[in-house]
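1. One predicted model, sequence on top.
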Amino acid sequence: PLVVNEHEGAAALVQLGGSELTEPREIVAGLRAAGVATVVMTVGSAGSLVAEGDSLTEVASPRVKAVDTVGAGDAFCGALAARLAAGEGLLDAAAYASRFAAYTVQYEGAQASYPAVGTELPQV
């Protein structure tokens, strides 16, 4: 899948010849119309949007107290890739990635905030 945040998605859409948009659902729809088969867009504390096939699904993020958001996108992408590589479906992988990223924003630093294997992650 193409994995982007709102700003990256909007820029990619323009690069693909689409309109300048700001609403996440419209950006995802535009990317799909431009030929991108599968899109995962992070939308901050709201979680992510997953578009595959004929569906667009909102994946919620757990509500946590954010201390430092640096590295949250990287944490999301890494967790998503790891789950997909392990054979998990895209929606389940995105849900896990949202929980993983939510864990990281509760602590200072980027890589130092990543949970160890087996750490209990926040729930939606």
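-> Ah, there it is. Numbering: from 1, shown residues only.
2. make it CA atoms for all contacts and neighbour counts henceforth
-> Fine.
3. List the residues that contact the spatially most central residue of the chain.
-> By Cα atoms, centre = their mean, the chain has its centre lying nearest to residue 42, at 3.4 Å. Residue 42 makes contact with 3-6, 48-49, 73, according to Cα atoms under 8 Å, 6 or more residues apart in numbering.
4. between those residues, which is nearest residue 65?
-> Distances from residue 65 to the contacts of residue 42, taken as Cα to Cα, are shortest for residue 73 (16.5 Å).
5. and residue 3, what helix or strand is that in?
-> Secondary structure assignment for residue 3, by DSSP states H and E: strand 2-5.
6. residues of the following helix or strand past that strand that come out buried?
-> Using DSSP H and E, the helix or strand that follows strand 2-5 towards the C-terminus is helix 6-15. Residues of helix 6-15 classed as buried: 6-7, 9-14 (neighbour count, 16 or more other Cα atoms under 10 Å).
7. list the helices and strands whichever helix or strand comes after helix 6-15 packs on?
-> Going down the chain from helix 6-15, the next helix or strand is helix 24-33, by DSSP H and E. Using 3 or more Cα pairs under 8 Å, 6 or more residues apart in numbering; DSSP states H and E, the elements in contact with helix 24-33 are helix 6-15, strand 39-42.
8. Save these as a markdown table, and put in distance to residue 65 too.
-> Converted to a markdown table, these look like this (distance: least, Cα to Cα, whole Å):
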| stretch | distance to residue 65 |
| --- | --- |
| helix 6-15 | 21 |
| strand 39-42 | 18 |
